[in-house]
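Novice: predicted model and sequence below, questions to follow.
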Amino acid sequence: MNLPVITLLGYPTPKDFLEKVYYDTECTIWLGSKGQGYGSYRFKGKSYAVHRLSYIWFKGPIKNGYEIHHTCGIRFCINPIHLLSVTCSEHKIIDGGSGNRDKIICIRGHIYDNTNTYYYKGMRRCRLCRNLWQRGYMERKKKEVDNFGT
């Protein structure tokens, strides 16, 4: 396959960069290393987020203070058509607010309040959801023990 030659800071696109992608019908999925929830690539001794590299190589420089938004919602997609340069405040509006801290209910509809909320590894969690999960886990384990040897 003929891979396109794109330049970043005067350097051609490394061949191994484009070999680490899977070309889906719409998205171009990064299969290489991942870090902090995004694809990661070392280039000239420095680590870069691959979606930012893709944007720079295919669309041009990213303005200072701007972020790259995935219009497809897939963090490992590096398809430049799916990448949009936006400000932080625009990004929050596109993503529907300022994240989990503004949510008052969990995904199952339980209210985040002082009695139902706990923090694990710096993230807010729902106590009722955890209890439901634990109850289901214990029931599954009990069935495994009961079915052992039958």
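Specialist: Yep, it's here.

Novice: what are the ranges of the helices in this protein?
Specialist: Along the chain, counting by DSSP state H, helices occupy 15-18, 50-59, 88-94, 127-147.

Novice: quick one: the ones you listed as TSV, columns for mean neighbour count too.
Specialist: For every residue, glycine as well, the C-beta is placed using N, CA and C. Output for the helices of the chain, formatted as TSV (neighbours: other C-beta atoms under 10 Å):
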stretch	mean neighbour count
helix 15-18	14
helix 50-59	20
helix 88-94	13
helix 127-147	11
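
Novice: reformat those helices as TSV; add distance to Ile74.
Specialist: TSV is the format used below for the helices of the chain (distance: least, C-beta to C-beta, whole Å):
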stretch	distance to Ile74
helix 15-18	18
helix 50-59	10
helix 88-94	15
helix 127-147	25
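
Novice: low-scoring stretches of this structure, by residue?
Specialist: Counting by pLDDT under 70, the ranges of the chain that qualify are 1-14, 95-102, 149-150.

Novice: what angle separates the longest strand that the chain contains from helix 50-59?
Specialist: Of all segments of type strand in the chain, defined using DSSP state E, the longest is strand 38-43. Interaxial angle, strand 38-43 versus helix 50-59 (axes from the mean of the first three to the mean of the last three C-alpha atoms, to 10 degrees): 70 degrees.

Novice: buried ones in strand 38-43?
Specialist: 38-41 (16 or more other C-beta atoms under 10 Å).

Novice: cool, and stretch 56-69?
Specialist: Within stretch 56-69, the residues scored as buried using 16+ other C-beta under 10 Å are 56-57, 66, 68-69.

Novice: which one among the buried residues of strand 38-43 gets closest to Leu84?
Specialist: Nearest to Leu84, judged by C-beta to C-beta, of the buried residues of strand 38-43 is Tyr38 at 15.2 Å.

Novice: right, I'll leave it there.
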